[in-house]
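S.K.: sharing a model that was predicted from the sequence below.
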Amino acid sequence: MSTDTLTKWTIDTAHSEITFKVKHLVISTVTGKFKEFDASIETDNQDFENSKITFAASIESIETGNEDRDNHLKSDDFFNAAEYPKMKFESTSFKKVGDGEYKLVGNLTIRGNTKEVELDAEYGGTVVDPYGQTKAGFDVTGKINRKEFGLTWSAVTEAGSVVVSDEVKLNLNVQFTQS
C-alpha cells in the first residue's frame, strides 16, 4: 500500500455500534455491546480493497442490560478487564468477493490470546453528509468460539443444559469519516 495516496478514515462512534450475541441456557439469546471503542481504516483506493483496518474496544464499557452479568463478564471468569482492558483487532487482508461484499481477515486479541478470524463485511456505500464530511458505512458479521480466547467459564444446569454457549456472534454496524 503506497503512503503517497493513503486515505485515512476514523470511526464515527455516534453512528456505530459493536454488539455480540450469545445463547443462554440454549433457549434464549443475550445481546451485549461495547460502549467505548475506536477504529480506523487506511486505504489507497476508492473501493477499500486491501485496506488496513484496526479496532479496539474497552472491556470496562461492556453492557448487556444487567449490571451483575456485566460485572461477571468483566471478571476473571470471562474478560478479566483489570488485566486485559482492551479487545483488539488488526486486519491482515480485506478482499472484495462480490458487489459490496468483502472478506475481512485479521488477528483478534481477547484476554491476551490472539487468533486469526474471518469476518464478512458488507459495504453500505460512501456519501457526503450535510456538514461536508465524507462517510463510509460497513456491516461486519462473524462468529468466534469464546473458549479459543481464554473465556472458558462454564456451568451446567441440573438438567444438563449449558448455561453459556461457546459460540459468540459478532455484529458491527460502523460508519467512518474520511480524515
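M.R.: Cool, got the structure. Keep in mind that what you see is a predicted model, and the values were worked out from it rather than measured.

S.K.: all helices of the protein, in order?
M.R.: Using DSSP state H, the helices assigned to the chain run over residues 67-74.

S.K.: run through it and note the low-pLDDT ranges.
M.R.: Across the chain, the ranges flagged by pLDDT under 70 are 1-4, 24-28, 153-165.

S.K.: quick one: the strands in the chain?
M.R.: Taking DSSP state E, the strands of the chain run over residues 7-11, 17-24, 28-34, 37-43, 52-58, 62-63, 86-98, 101-110, 113-128, 134-145, 164-178.

S.K.: those: which one's closest to Leu151?
M.R.: Taking CB to CB, strand 101-110 is the member of the strands of the chain nearest to Leu151, at 7.0 Å. C-beta here means a position set from N, CA and C on the backbone, and glycine is covered the same way.

S.K.: export that closest one as CSV, just CAs?
M.R.: C-alpha atoms of strand 101-110 as CSV (Å, rounded to 0.1, in the frame of the first residue of the first chain):
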residue,chain,number,x,y,z
GLU,A,101,-19.2,-7.8,-0.2
TYR,A,102,-15.8,-8.4,1.4
LYS,A,103,-13.9,-11.0,3.5
LEU,A,104,-12.1,-9.4,6.4
VAL,A,105,-9.3,-11.5,7.9
GLY,A,106,-7.2,-10.4,10.8
ASN,A,107,-5.9,-11.1,14.3
LEU,A,108,-8.3,-10.7,17.2
THR,A,109,-6.8,-10.4,20.6
ILE,A,110,-9.0,-11.0,23.7
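
S.K.: Ile11 is in contact with Asn173, correct?
M.R.: No. Counting by CB atoms under 8 Å, Asn173 stays clear of Ile11, with 11.1 Å between them.

S.K.: compare these two and say which is more crowded by neighbours.
M.R.: Ile11 (20 against 16; other CB atoms under 10 Å).

S.K.: how close does the closest residue to the more buried one other than its chain neighbours sit to Arg69?
M.R.: Nearest residue to Ile11, sequence neighbours excluded (CB to CB, 6 or more residues apart in numbering): Ala39, at 4.1 Å. For Ala39, the distance to Arg69 equals 25 Å [CB to CB, to the nearest Å].

S.K.: what does Thr152 give?
M.R.: 17 Å.

S.K.: repeat for Gly124
M.R.: Gly124 is 31 Å from Arg69, by CB to CB.

S.K.: do Asp139 as well
M.R.: Distance from Asp139 to Arg69, by CB to CB: 26 Å.

S.K.: if we can go back for a sec, could you dump the strands of the chain to TSV with distance to Asp76?
M.R.: Compiled in TSV, these are given as follows (distance: least, CB to CB, whole Å):
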stretch	distance to Asp76
strand 7-11	29
strand 17-24	18
strand 28-34	18
strand 37-43	22
strand 52-58	17
strand 62-63	14
strand 86-98	16
strand 101-110	14
strand 113-128	14
strand 134-145	19
strand 164-178	15
